[in-house]
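Participant: Structure for this input, please:
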Amino acid sequence: MRISNPPDASSLMATARSFGNYDLAAALADLIDNSIRAEAKKVSILFEPVEKDVVVRIRDDGMGMGRDELVAAMRPASANPEDPRELNDLGRFGWGLKSASLSQARVLTVVSWRGSESTAAIWDIDNLEDWSMELLVGDDALKLLGAPPTSNSGTEVIWSRCDRLLDQDISSTLDEQLNEKISHASKQLSLIFHRYLSGDAGNKLAIEMQGYVLKPIDPFMSHHPATQTVDEDQIKLRGKEEITVQPFIIPHFSKLTVEEREMLGGDEGLVRNQGFYVYRNKRLIIYGTWFRLMPHGELSQLMRVRVDLPNTLDKDWKITLDKSDAQLPVVLRTGLKELLRKFGKRSVSANRRRGVELTIDRKEPVWKRVAYNGRIRYQINRDHPFIWELIAESQDSEIAREALKLIESYVPTEAMIKDREDNQLEQVQAITDPEIFEVLIDACFMACLRQTGRQPTLNEFLEFANKMEPFSSQWKYSESYIKNNLKEKWSLV
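Facilitator: Numbers count the residues shown, from 1 in each chain. Sure, this is the predicted structure:
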């Protein structure tokens, strides 16, 4: 005997709020996926504070939906993940619109129009009444919009009673929390959809957040003259299915401005953002992982590998409901590991050979090369401002000088030569972490302050720093950091 045993509507929809691992950016990205499928050219996102709540409106100028299409789109699990899909379809489970929206709000309203036809559908977590949703048509539907339609067709998704959007933090105001959330989401969307924002994915898409047009964040800086781009390679997975792989070696931080370095590093820095960048239909799915093929490290921080997947390989990559994770198919592990071995050395090389000027007239090096009677020795430059100050400020300057002689006498030259000859080892002496480099620039300013006995002007300090290593040979980043960070910190004019 077979009987019907459907799930409880309230319980299932409440559970749907926890499907996936949505934050604000991931939830908005799921809705933008739908806009891309609807061939939208523009998506605008507005946050409207209402007393202790926020109403969020996500509008696109896509093809819109008729009554039956909207009802189907609002149906939970509206698609079978194993069914074939159109090439531009960025969905899979038929839950995206619902689970993403309900992860942030208790009420989901969708208004869609096409020509003279307009329809609205509403899911209210607190008023389901056995799977019944409210449906409005005509002017009643259009009244729910934040503003009259400006395109012949389109869709507006509305979140209200956003109980999960903001944190229960009594130490910050609603505006402060909202601004922080919007700022973080803007950066994430600029990264996730950077190939659509730049037009690299075909039709160019514009995304506005609170009236601000998002600019693409290219994690490979593919148009930067110092970026090393390797030719694409196709790897077959099974049958006719294949993925496209392209490695990039991004520039050493010394060739970037502070703004460029912050854009590349994101919230967690360059080291954590190295790795594979996996795209599905040119939409970023997961990034900053080596899939356990190699560890994150300082020497590989400049290496990033773009992996392009068609949507027909979702099952093989086990892409999750919220599109925030994927797993590397076993059949690809060997091929990708060999690729990493091949190009990993180029990242190390970029760290080691970072474009140091060979001619450094009037610069103060850290080491001096002294040739005498056919022999070469390297001596620490006592005239370098840091070294000079170390000696001058020491309680016993003679001990400081003797300590420098000791270091000079026992430079491990033979070990360095042996390591150099060993092809399995890479010698890297340059600073690879920009934060460590910035600490040196701060120390340089303090040295300038003490040695001049007064507050230098901006130009005076720039001239002071540009006369010594390591700042002169990495001047682009040094100058940018001084002008953008130290200028305000020390009120330089």
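Participant: Count the residues that sit near residue 404.
Facilitator: 17 (other CB atoms under 10 Å). (C-beta placed from N, C-alpha, C; glycine too.)
Participant: Name the helix or strand for it, please.
Facilitator: Assigned by DSSP states H and E, residue 404 falls within helix 397-409.
Participant: do the same with residue 203
Facilitator: Counting by DSSP H and E, residue 203 is found in no helix or strand.
Participant: so what are the domain limits for this protein?
Facilitator: Split into domains by automatic domain parsing, the chain comes to 9-213, 228-352, 367-489.
Participant: Including distance to residue 221 and mean pLDDT, could those go into a markdown table?
Facilitator: Output for the domains of the chain, formatted as a markdown table (distance: least, CB to CB, whole Å; pLDDT from 0 to 100):
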| stretch | distance to residue 221 | mean pLDDT |
| --- | --- | --- |
| domain 9-213 | 11 | 84 |
| domain 228-352 | 5 | 76 |
| domain 367-489 | 14 | 76 |
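Participant: returning to what we had before: in the helix holding residue 404, what counts as buried?
Facilitator: Neighbour counts using 16 or more other CB atoms under 10 Å place 400, 404 of helix 397-409 among the buried residues.
Participant: So what's the gap between that helix and the chain middle?
Facilitator: Relative to the centre of its chain, helix 397-409 is centred 46 Å away, using CA atoms, centre = their mean, to the nearest Å.
Participant: what does it contact?
Facilitator: For helix 397-409, the external contacting residues (CB atoms under 8 Å, 6 or more residues apart in numbering) are 377, 378, 379, 380, 382, 387, 390, 391, 394.
Participant: how about 7 Å then?
Facilitator: By CB atoms under 7 Å, 6 or more residues apart in numbering, the surrounding residues in contact with helix 397-409 are 379, 380, 390, 391, 394.
Participant: wait, which of those is closest to residue 115?
Facilitator: The closest of the contacts of helix 397-409 to residue 115 turns out to be residue 390 (CB to CB; 77.4 Å).
Participant: and the closest one, what are its phi and psi?
Facilitator: Dihedral angles of residue 390 (phi, psi; degrees, to the nearest 10) stand at phi -60, psi -50.
Participant: any idea how far it lies from residue 400?
Facilitator: 6 Å (CB to CB, to the nearest Å).
Participant: swap in residue 340?
Facilitator: 45 Å.
Participant: do the same with residue 1
Facilitator: Residue 1 sits 93 Å away from residue 400, going by CB to CB.
Participant: Quick one: residues contacting residue 66.
Facilitator: Contacts of residue 66 by CB under 7 Å, 6+ apart are 114, 117, 119.
Participant: Weed out the non-buried ones from these.
Facilitator: Neighbour counting by 16+ other CB under 10 Å classes 114, 119 among these as buried.
Participant: Show only the entries of the contacts of residue 66 found in helices.
Facilitator: Among the contacts of residue 66, none falls in helices (DSSP state H).
Participant: ok so, going back, return the helix holding residue 404 as CSV; C-alpha atoms alone will do.
Facilitator: Extracted in CSV, the C-alpha atoms of helix 397-409 (Å, rounded to 0.1, in the frame of the first residue of the first chain):
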residue,chain,number,x,y,z
SER,A,397,78.9,51.7,19.7
GLU,A,398,82.2,49.7,19.6
ILE,A,399,80.4,46.5,20.4
ALA,A,400,77.9,47.2,17.7
ARG,A,401,80.7,47.7,15.2
GLU,A,402,82.3,44.4,16.3
ALA,A,403,79.0,42.6,16.0
LEU,A,404,78.7,43.7,12.4
LYS,A,405,82.3,42.5,11.7
LEU,A,406,81.3,39.1,13.1
ILE,A,407,78.3,38.9,10.8
GLU,A,408,80.4,39.8,7.8
SER,A,409,83.1,37.3,8.7
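Participant: Is it correct that residue 242 falls within a helix?
Facilitator: No. Going by DSSP: H, G, I helix; E, B strand; the rest coil, the assignment for residue 242 is strand, not a helix.
Participant: State the distance from it to residue 236.
Facilitator: Look at residue 242 and residue 236: by CB to CB, they are 5 Å apart.
Participant: Looking at those two, which has the bigger crowd around it?
Facilitator: residue 242 (16 against 12).
Participant: which ones are touching the more buried one?
Facilitator: By CB under 7 Å, 6+ apart, the contact set of residue 242 is 234, 235, 236.
Participant: after the helix or strand harbouring residue 447, next one along is what?
Facilitator: Element membership for residue 447 (DSSP H and E) is helix 434-452. Once the chain leaves helix 434-452, the next helix or strand it forms, by DSSP H and E, is helix 458-465.
Participant: Report the buried residues of that following helix.
Facilitator: For helix 458-465, burial by neighbour count (16+ other CB under 10 Å) applies to 461, 462, 464, 465.
Participant: And for stretch 137-153?
Facilitator: Buried residues in stretch 137-153, counting neighbours by 16+ other CB under 10 Å, are found at 141, 142, 144, 145, 149, 153.
Participant: Confirm that the third one lies within a helix, as I assumed.
Facilitator: No. According to three-state DSSP, residue 144 belongs to no helix; its state is coil.
Participant: I figured it hits residue 120, correct?
Facilitator: Yes. Residue 144 lies in contact with residue 120 (CB atoms under 7 Å); the separation is 5.4 Å.
Participant: who touches both of these two?
Facilitator: Residues touching both residue 144 and residue 120 (CB under 7 Å, 6+ apart): 109, 111.
Participant: one step back: give the buried residues for the helix holding residue 447.
Facilitator: Result for helix 434-452 [16+ other CB under 10 Å]: buried residues 434, 437, 438, 441, 444, 445, 447, 448.
Participant: and if you look at stretch 103-123?
Facilitator: Within stretch 103-123, the residues that qualify as buried are 103-114, 118-123, counting by 16+ other CB under 10 Å.
Participant: What are the neighbouring residues in contact with residue 24?
Facilitator: Per CB under 7 Å, 6+ apart, neighbours of residue 24: 104, 165, 181, 185.
Participant: ugh, wrong one, I meant residue 1
Facilitator: Per CB under 7 Å, 6+ apart, neighbours of residue 1: none.
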